[in-house]
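**Student:** no letters, just coordinates:
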C-alpha cells in the first residue's frame, strides 16, 4: 500500500470491498486475498489515525503548555 | 482433481452437472458416475471453503489482536 | 496567519472549525492541518487578548501616573 | 478631543462607553481603542476639573485677600 | 451686579447657589462661572456691608460729637 | 421730626427700633436708614432735654431772684 | 255811756288784767326783737308763737319787759345754779315766769318777767339739735362737706361773719400778719339774733358761687351757749353740708360742738384759730413748695440726667447693635463664602470620584471582556478537542465496523457457499439412482438406453432393460397400458 494514500480513499476502498463482500460479489477464490487486503487497509487506517492523533496530541500539548506558560506568566505578573 | 483448480471453475462444473442431472440430460447409467464425480467436487469445494474460512478467520483474528494491542497501548497511554 | 486579521473574524473561523469538527465534517486527512490551524488561531487570539490587556494595563498605568502627578501637584499646591 | 467640548457631554460619552463595556458590547478589536478613548476622556475630564478647581481656587483666594484687605482696612480704621 | 440690588435678595441668591452646589446641581461646565458670580456677589455684599458700616459709623460719630458738644456747653454753663 | 412730638412717644419709637435691632429684625438694607432715624431721634430727644433743662434753669433762677427780692422786701418791711 | 279818758281807760284795763292774772304765770314762746334799754338797762322783747314749720310767720305776740332788778336776780340765780353763758337772744325758745301788766302811758299790754327757766330752753335746744342731726344723718349728707378737698393752700376765703365784729377783726388781722396774700371775700351777716340763720344760709349760697373761692369760713365771736342754737339749725347745717366748697367754722363754742361744726369740713373754737389754721396751711404749703422746688430741681436734674444716660445708652446700644449687625452679616458672608468654597471642593472631589469609578469600571469591564474572551477561547478549544476525539472515535468505530462487516460478509459468503454446496450435495444424493432403487424402485431403459417415463414410444416386443438396486433385467414388451 502506498504510504501517501489518503485515509478517505483507503476507507472508501475498504467500504467498497465490504459492500461487495456483503453483496457476495466476491468469488470465494478472491475472498482470502480481499480480506487480507482489507485487513491491510484497516491496519493502514489505524496507523493513520494513530499518527494523526499523535500529531494532534502534540499540537494540543503545545497549545496547552503555551497557555499554561501564559497563565504562569500572568500569575507571575499578578504576583508582581 | 488438480489442487490449483479454482473454486469457481469447479463449482461451475458442479453446477453444470447439477443442471444436466436436473434436466435429465444425463442417462441413468452415467448418473452414478456423475454423482460420484460431483461428490468429489463437493468435497473439494468444501475443502476450499474450509481453508478460505480459516484463512479469513486468521486474518480477522490478527486484525482484532492488532486493534486490541493498539487499544491496550492507548489505554496504557491514557494511564501515562 | 495575517497579523492584521481581526480578532472577531479569526474567532468566527475558529468557531466554524470547532463546529465542523463537532459535526464530524472534517476528513481525517485534513484533521491534523485543521487542528494545527485552530491551534494557531487560538494562539493568535490569546496573543491578541494578551496584547490588548497589556495595552489596557499601559493605559491604566498612564492614567494612574497622570492622576498621581495631579494629586502631587495638588499637594504641592496645598503646601503652598 | 476637542478642547471646547463640555465636561458633561464628555462625561456622558464616558458613561456610555463604561456601560457598553459592562454589558460586554464592545468587540475585542475595538476594546483597546475604546479604553484608550475612555482614558483620553478621563484625562480630559480630570484636566477640566483641575482647571475649574484652579479657577475656583483663584477666585476664592481673591475673595479671601479681598476680605483680608478689608479686615486690615478695618483694623487700621480701628487704630485711627 | 446692579448697584441698587438689595443686600437680602443678593444674599438669598448666594445661598441658593451654595445650596445648589451642595446638592451638586451645578454642571462642572458652569461651576467656574457660578463661583465667579458668587464671588462677585460676596464682594458686592461686603461692599454693601462696608458702606452701611461706614454710614453707621459716621452717624454714630456725628451723634457722639453732638453729645460731646452738648456736654461741653453744659460744662461751660456750669462754670458760668 | 415734628417739633410737637412728645419726648416719651419718640423715646418709645427709639426703644422699638433698638429692640428690633437687638432681635435682628432689621434687614441690612434698612439698617443705615434705621440708624439714621434713630440718630435723629436721639438728637431730637437730646434737644428736648436740653431745652427742658434750660427752661427749668430759667424758672429756678426766676424763683431764686423772686425769693431774694421778697426777702429784701420783708427786710424792708421789718425795718419800717 | 260815760266817756273815759285814755288814761282812765288804760287804768280800768290794767285793773281788769291784774285782777284776771293775779298770780304769776308761765308763758312759753320765742324771743323776738330783744332790746336792752340803753339808759335803764331793762330788757325788752316780744314773745311770739310761730305757726308750726314756719320761721317767719307768727300767730301771736306779746311784749315782755325784763326789768334790770329781776334780770340781775335771775342771772344771779343762774350763776348760783352753775349755768353760765346762757344769754337771751332772738329766736330763743323760752319759758318765762311773769305777771301781766299794762303800761298805761302807752296803753300797751305786756308781761313783766320775773325769771326765765333755763332748763326749758336748754332742753328745747338739745331736742332741736338731736332732730337736726337725725335729719342730716338720715338724708346722708352729714359728712358730705368733709368729703371735699381743701385746696392747698387755701388763700381765697369766703368769710361769713358780721363786718367790724371782733371775730372779723381777729380773723382778718391774723391773715394780714401772715406772709401770704389771702384774698378774703366778706359776706356780712348777723351772727346773732333771729336773722342769723337766713343770712348765714344766704352767705353760703353767695360765696360758693363766687369764683376762685377755696373755702368758706363761718365765724363769730364768743357768746352764750344759748346763742349757738342757731348753728344747730337744720337750714344752716344743710347749707353747710351741701356747700360746694369746704366750710370751716369758728363759732366760739368751748364745750359742745354745734351741729354746724359737726357738718363742716373742719371746725375751730375761735376765728383766730381758723385764721391760724389757714396760715399754718399756707406755711405748710410754702414749706412744701420750697421742699418740692428743691425736689423738683433735684428731680428734673435726675430726670434729665437719667434721660441723657438712657439716650447715651440707647446710642451706644445702637452702635453696638449696628456693629453686631454688620459683624454678624460679615460672619454670615464669611461662612457662606467658606461653604461655597467647601461645596465646590466637595463637588469637585465627588466628580473626581465619579471619574475614578468610571475609570475603574472601564478597566474592570475591559478586563472582564478579556477574561470572558479567554474563557470562550478555552471553551472553544475544549469543544475542538471534543470534536477531535469524536472524529477519532467515529473513525475508529467505523474501522471496527468495517472489520465486523468484513467478517460478517465473509461468513455470509462462505456460509452461502456452504449452503449451496450442501444443497448440491443433497441434490446429487437425491439424484443418485441407487438410493431410489434401494427402496425397490427400478429404472426401465428403452432400446436407446433412455429411461422410460411413459408408455408412449414403447411398442410390443421392444426390448427393455430394467435396472434394479442390484443387477439388471432385460425383458420384452408384451403389452402397454397407457394411463
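**Tutor:** Done, it's in. Remember, it's a predicted structure, so these values are computed and weren't measured experimentally.

**Student:** tell me where the stretch 151-300 of chain G has strands.
**Tutor:** G:156-161, G:183-188, G:215-219, G:247-250, G:266-268 (DSSP state E, counting those that start in this stretch).

**Student:** in the stretch 351-483 of chain G, what residue comes closest to chain D?
**Tutor:** residue G:365 (3.3 Å; C-beta to the nearest C-beta). (C-beta placed from N, C-alpha, C; glycine too.)

**Student:** circling back to that earlier point, out of the strands of the stretch 151-300 of chain G, the one nearest residue G:233 is which?
**Tutor:** In terms of C-beta to C-beta, the element of the strands of the stretch 151-300 of chain G nearest to residue G:233 is strand G:215-219, at 12.2 Å.

**Student:** chain center to the closest one: distance?
**Tutor:** Once both centres are worked out by C-alpha atoms, centre = their mean, to the nearest Å, strand G:215-219 turns out to sit 50 Å from its chain's centre.

**Student:** what are the contacting residues of it?
**Tutor:** G:150-151, G:154, G:156-161, G:167-168, G:171, G:191, G:200, G:203-204, G:207-208, G:240, G:243, G:245-252, G:260, G:264-265, G:270-271, G:274, G:278 (C-beta atoms under 8 Å, 6 or more residues apart in numbering or on different chains).

**Student:** in contact with residue G:275, which residues?
**Tutor:** G:170-172, G:174-175.

**Student:** mind redoing it with 6 Å?
**Tutor:** For residue G:275, the set of contacting residues under the criterion of C-beta atoms under 6 Å, 6 or more residues apart in numbering or on different chains consists of G:171, G:174-175.

**Student:** what is the nearest of those residues to residue C:63?
**Tutor:** Distances from residue C:63 to the contacts of residue G:275, taken as C-beta to C-beta, are shortest for residue G:175 (119.8 Å).

**Student:** tell me the pLDDT at the closest one?
**Tutor:** According to the predicted model, the pLDDT of residue G:175 comes to 91.

**Student:** repeat for the one 3 residues further on
**Tutor:** On pLDDT, residue G:178 comes in at 87.

**Student:** so it versus residue G:283, what's the distance?
**Tutor:** Taking C-beta to C-beta, to the nearest Å as the measure, residue G:178 falls 8 Å from residue G:283.

**Student:** next one: residue G:384
**Tutor:** As it turns out, when the distance is counted by C-beta to C-beta, residue G:384 lies 142 Å from residue G:283.

**Student:** likewise residue G:473?
**Tutor:** Following C-beta to C-beta, the distance that separates residue G:473 from residue G:283 is 223 Å.

**Student:** counting neighbours, go ahead and name the busier of those two.
**Tutor:** Taking neighbours as other C-beta atoms under 10 Å in any protein chain shown, residue G:473 and residue G:283 compare with residue G:283 leading, 15 against 11.

**Student:** ok, now which ones touch the more buried one?
**Tutor:** Residue G:283 touches nothing, counting by C-beta under 6 Å, 6+ apart.

**Student:** now the residue nearest the centre of chain A: closest residue in space that isn't a chain neighbour?
**Tutor:** Ranked by distance to the mean C-alpha position of chain A (C-alpha atoms, centre = their mean), the top residue is residue A:49 at 1.4 Å. In space, and not counting its chain neighbours, residue A:49 is closest to residue G:395: 5.5 Å by C-beta to C-beta, 6 or more residues apart in numbering or on different chains.

**Student:** helix or strand right after the strand or helix carrying the one you found?
**Tutor:** With the criterion set as DSSP states H and E, the secondary-structure element containing residue G:395 is helix G:271-431. Proceeding C-terminally, helix G:271-431 gives way to helix G:433-438 as the next helix or strand, assigned by DSSP H and E.

**Student:** rewinding a little: so how far is chain E from the residue nearest to residue A:49?
**Tutor:** In this view, residue G:395 and chain E are 67 Å apart by C-beta to the nearest C-beta, to the nearest Å.

**Student:** what do you get for residue G:416?
**Tutor:** For residue G:416, the distance to chain E - C-beta to the nearest C-beta - is 95 Å.

**Student:** what's the offset of the helix holding residue G:395 from the middle of its chain?
**Tutor:** The gap between the average C-alpha position of helix G:271-431 and the chain average comes to 55 Å, counting by C-alpha atoms, centre = their mean.

**Student:** and it, average pLDDT?
**Tutor:** Across helix G:271-431, the average pLDDT comes to 83.

**Student:** same thing with stretch G:76-88?
**Tutor:** Confidence over stretch G:76-88 (mean pLDDT, whole number) is 80.

**Student:** stretch G:445-458 now?
**Tutor:** Averaged across stretch G:445-458, pLDDT comes to 81.

**Student:** which residues are contacting it?
**Tutor:** Contacts to stretch G:445-458, defined as C-beta under 6 Å, 6+ apart, come from residues B:27-28, G:443-444, G:465, G:477, G:480, G:482.

**Student:** as TSV, these with distance to residue G:337 would be great.
**Tutor:** Formatted as TSV, those follow (distance: C-beta to C-beta, whole Å):
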residue	distance to residue G:337
B:27	145
B:28	144
G:443	147
G:444	151
G:465	154
G:477	159
G:480	156
G:482	152
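
**Student:** so among these, where is pLDDT lowest?
**Tutor:** Minimum pLDDT across the contacts of stretch G:445-458 falls on residue B:28, with 71.

**Student:** that one: what's it in contact with?
**Tutor:** Under the criterion of C-beta under 6 Å, 6+ apart, the contact list for residue B:28 reads G:433, G:443, G:451.

**Student:** cutoff 10 Å now
**Tutor:** Shown in contact with residue B:28 (C-beta atoms under 10 Å, 6 or more residues apart in numbering or on different chains): G:433, G:437, G:443-445, G:449-451, G:467.

**Student:** how about residue G:3?
**Tutor:** Counting by C-beta under 10 Å, 6+ apart, residue G:3 touches residue G:9.

**Student:** nearest spatial neighbour of the residue in the stretch 51-200 of chain G that chain C sits nearest to, chain-adjacent residues omitted?
**Tutor:** For the stretch 51-200 of chain G, the residue closest to chain C is residue G:152, as judged by C-beta to the nearest C-beta, at 87.3 Å. Leaving out its chain neighbours, the residue that sits closest to residue G:152 by C-beta to C-beta, 6+ apart is residue G:285, at 5.4 Å.

**Student:** and residue G:207, by the same measure?
**Tutor:** Here the nearest residue to residue G:207 in space, its sequence neighbours aside, is residue G:158; by C-beta to C-beta, 6+ apart that works out to 3.1 Å.

**Student:** I'd say the one you found and residue G:213 touch.
**Tutor:** Yes: A contact is recorded between residue G:158 and residue G:213 when judged using C-beta atoms under 10 Å, the distance being 4.8 Å.

**Student:** can you pull the residues that touch both of these two?
**Tutor:** Common neighbours of residue G:158 and residue G:213 (criterion: C-beta under 10 Å, 6+ apart): G:183, G:185, G:207, G:245.

**Student:** please produce a ChimeraX select command covering the buried subset of the residues you listed.
**Tutor:** Entered in ChimeraX, the line below selects the buried ones among the shared contacts of residue G:158 and residue G:213, by 16 or more other C-beta atoms under 10 Å in any protein chain shown:
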select /G:185,207,245
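
**Student:** now for the shared contacts of residue G:158 and residue G:213: which two are most distant?
**Tutor:** Checking the shared contacts of residue G:158 and residue G:213 against each other with C-beta to C-beta, the farthest-apart pair comes out as G:183 and G:245, at 13.7 Å.

**Student:** how about the nearest residue to the residue in the stretch 251-400 of chain G that chain B sits nearest to, chain neighbours excluded?
**Tutor:** Closest approach between the stretch 251-400 of chain G and chain B, counting by C-beta to the nearest C-beta: residue G:400, at 6.8 Å. Of all residues beyond its chain neighbours, the one nearest residue G:400 is residue B:67 (6.8 Å), with distances taken as C-beta to C-beta, 6+ apart.
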